[in-house]
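Visitor: Here is the input, now give the coordinates:
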Amino acid sequence: MGKLTGRILTVAAALAVSVATFSPLPADEVDPFPIPAGLEGHVSFWQSVFAEHDRDEVVVHDLEYPGLIYEIFDLPGEMKDSYTDEQEKLVEALREDWEDRLRKLQADLAAGTALSDPQKELALKITTEAGAGRIEGAHERVRSQRGLKSRFKRGVELGNRYDAVFREIFRKKGLPEDLVALPHVESSFQPLARSSAGAAGVWQFTRSTGRQFLSINSMLDERYDPVASAEGAASFLAAAFNKLQDWPIAITSYNHGVNGMGRAQSKFGNDFVRIVYEYRSRYFGFASRNFYAEFLAARIIANDPEKFFPEGLQLVPPMDEERLVLDTDLYASNLARRYGVPLKELAGLNSAWTRRTVHGVLTVPSGSRVWLPAGSLARAARGEVPDVDLTPPGLPPEGTHTVRRGENLSVIARDYGMTVVQVRRLNGMEPRDTRIFAGEKLKVTGGRTRFHTVVRGDTLLGIAKSYRVDLNELLRSNRLSLRSMIHPGQKLRIPLG
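Guide: Numbering: from 1, shown residues only. Below you'll find the predicted structure:
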């Protein structure tokens with residue numbers, strides 16, 4: 001294995017890392033989010049990951065004692081969101097190298113072999129940070145963590161848009177305002193963030209938990225509305241604290257669940273440090289054990305971002321959108337037309353709308369909240385509403401269809417892979433408009449298709465040949481394979497360009 005170059009922290013350097021503090025609280029106010037004695041190293045570790053090391057650096061550390069840092073490795077090559085194959089191999093080799101060193105240290109100690117100076121330094125580092133007896137098994141606890149500085153910094157910039165609104169939500173719930181730091185851990189304030197476990201939005205609700213606090217249906221998914229989901233998060237955290245009566249445990253329940261943390265509490269009470277180190281559960285892994293420490297580190301940085309990012313920040317301006325609560329069901333295009341806002345822009349502001357709602361298949365339901373650009377309500381009241389583009393985002397470029405004798409909206413919609421509602425919306429037609437005339441030109445989207453009704457004796461190859469289309473294109477258009485069976489009466493989409 002080639003030589004791996006990196007920066008190995010000495011004991012003195014490791015001990016010099018300190019946990020930042022906040023501005024002093026008023027004398028009569030107790031900090032609801034203390035740093036538990038014994039977890040200072042965890043918080044320091046996450047501070048360094050969030051504000052010192054970027055994605056071109058890999059921190060090799062102990063899994064159970066993250067403050068025990070073995071090496072900070074400079075990652076070569078192009079920096080992307082995930083490792084390249086070559087980078088993955090280098091990181092794996094780095095972990096294996098440290099596993100070998102630690103395994104040898106444990107073996108030499110057990111055999112009474114004289115330690116080298118680097119081994120003595122390593123042994124002192126482990127016992128100082130993790131305690132006596134933690135050299136044994138250290139080779140099984142090697143973990144690597146990529147730096148997140150750029151991501152966290154961007155989260156600070158994006159978070160400024162929502163900070164005042166979120167704080168007001170927590171104040172109204174009687175909760176500590178600094179809970180606004182949680183999205184730094186969850187999503188870095190990316191409204192459309194989605195995890196591999198299906199958690200979504202700034203506050204990373206799963207669908208099952210989200211349904212307890214938010215509207216999630218075929219028309220809306222409020223997990224993607226930062227303000228609505230903040231209200232849901234406030235309700236969750238209020239209920240969690242009401243049950244658990246301890247903020248470190250209640251915050252961790254945001255990751256591990258209220259019932260899960262209730263089980264941990266039943267074993268260890270409110271001794272949060274023991275929960276971190278000793279509680280065993282199938283799903284209480286590294287992320288859950290470190291969730292509160294990550295929150296504390298994020299809170300420290302977010303409360304004094306200029307200190308941690310002296311190079312400067314480009315803060316996103318605070319929200320100034322207007323809020324409208326609907327008293328009746330309306331199509332998105334009708335809202336866009338009524339308030340003079342292009343449908344694409346309106347859909348961008350209302351990220352809770354599902355694609356079917358944006359595209360006019362479903363209405364925005366009565367009672368839901370609609371966000372409008374500042375000044376929209378006043379302009380609409382004065383009648384100053386311009387004509388705007390009603391084309392939904394995400395659709396192919398528009399085309400034009402000339403109506404032929406005998407065609408109706410249903411036939412045209414079917415041939416272009418649209419719905420009748422979409423054709424009406426795209427052409428500014430009201431729901432009651434059904435009549436069209438030969439020679440009339442209608443806006444359509446996508447490539448036109450025809451349909452073939454399968455009869456006895458038809459084969460996929462024979463159908464493709466009869467319509468002079470490529471067999472593979474026919475299969476793709478109908479989500480079929482060469483092994484698929486077709487049957488009389490089945491309708492197949494025939495792409496015609």
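
Visitor: helices or strands up against the helix or strand in which residue 61 is found?
Guide: Assessed by DSSP states H and E, residue 61 sits inside strand 57-62. With contacts taken as 3 or more C-beta pairs under 8 Å, 6 or more residues apart in numbering; DSSP states H and E, strand 57-62 sits against helix 40-51, strand 69-74, helix 85-111, helix 117-130, strand 142-146. C-beta here means a position set from N, CA and C on the backbone, and glycine is covered the same way.

Visitor: Go again with 6 Å.
Guide: Packed against strand 57-62, as judged by 3 or more C-beta pairs under 6 Å, 6 or more residues apart in numbering; DSSP states H and E, are the following elements: strand 69-74, strand 142-146.

Visitor: could you give the angle of that strand to helix 117-130?
Guide: For strand 57-62 against helix 117-130, the angle by axes from the mean of the first three to the mean of the last three C-alpha atoms, to 10 degrees is 80 degrees.

Visitor: Parallel or antiparallel, list what pairs with strand 57-62.
Guide: Note on strand 57-62: by DSSP bridges, its sheet partners are strand 69-74 (antiparallel), strand 142-146 (antiparallel).

Visitor: which residues make contact with the last one from outside it?
Guide: Counting contacts by C-beta atoms under 6 Å, 6 or more residues apart in numbering, the residues outside strand 142-146 that touch it are 49, 55, 58, 59, 60, 61, 63, 91, 95, 98, 99.

Visitor: Quick one: distance of that strand to the chain centre.
Guide: Offset of strand 142-146 from its chain centre (C-alpha atoms, centre = their mean, to the nearest Å): 22 Å.

Visitor: Then stretch 369-382?
Guide: For stretch 369-382, the distance to the chain centre is 29 Å (C-alpha atoms, centre = their mean).

Visitor: contact partners of it?
Guide: Stretch 369-382 is touched from outside by 320, 321, 322, 323, 324, 325, 339, 349, 350, with contacts defined as C-beta under 6 Å, 6+ apart.

Visitor: Could you pull up the residues touching the fourth one?
Guide: If I follow you right, that is residue 323. residue 369.

Visitor: Mind checking what helix or strand follows the helix or strand containing it in sequence?
Guide: Using DSSP H and E, residue 323 sits in strand 322-325. Counting by DSSP H and E, the next helix or strand C-terminal to strand 322-325 is helix 332-339.

Visitor: list the helices and strands whichever helix or strand comes after that following helix packs on?
Guide: Going down the chain from helix 332-339, the next helix or strand is helix 343-349, by DSSP H and E. In terms of contacts (3+ C-beta pairs under 6 Å, 6+ apart), helix 343-349 is packed against helix 332-339.

Visitor: which parts of the helix it packs on are buried?
Guide: By neighbour count on 16 or more other C-beta atoms under 10 Å, the buried set for helix 332-339 is 332, 333, 334, 335, 336, 337, 339.

Visitor: about what we covered before: quick one: mean pLDDT over the strand holding residue 323.
Guide: If you average the pLDDT over strand 322-325, you get 95.

Visitor: now residue 201, nearest residue through space, not along the chain?
Guide: Once flanking residues are discounted, residue 201 sits nearest to residue 223: 4.0 Å by C-beta to C-beta, 6 or more residues apart in numbering.

Visitor: Now do the same contact list for the one you found.
Guide: With contact taken as C-beta under 6 Å, 6+ apart, residue 223 is in contact with 200, 201, 205, 210, 229.

Visitor: What is the nearest of these to residue 410?
Guide: residue 200 (34.7 Å; C-beta to C-beta).

Visitor: And the closest one, its phi and psi?
Guide: phi -140, psi 150 (degrees, to the nearest 10).

Visitor: What ranges does this structure have for its strands?
Guide: Secondary structure of the chain (DSSP state E): strands located at 57-62, 69-74, 142-146, 322-325, 369-372, 398-402, 441-445, 449-453, 491-495.

Visitor: most packed of the ones you listed?
Guide: strand 57-62 (a mean of 23; mean count of other C-beta atoms under 10 Å).

Visitor: distance between it and the chain's centre?
Guide: That offset, for strand 57-62, works out to 24 Å (C-alpha atoms, centre = their mean).

Visitor: what does stretch 165-182 give?
Guide: Distance, stretch centre to chain centre, for stretch 165-182: 20 Å (C-alpha atoms, centre = their mean).

Visitor: thinking again about what came up before, among the strands paired with strand 57-62, which comes closest to residue 129?
Guide: With C-beta to C-beta as the criterion, residue 129 lies closest to strand 69-74 of those, at 8.4 Å.

Visitor: Averaged pLDDT, that closest one. What do you get?
Guide: 96.

Visitor: now do stretch 125-132
Guide: Stretch 125-132 shows a mean pLDDT of 93.

Visitor: So for it, what gets flagged as buried?
Guide: For stretch 125-132, the neighbour count (16+ other C-beta under 10 Å) marks 125, 126, 129, 130 as buried.
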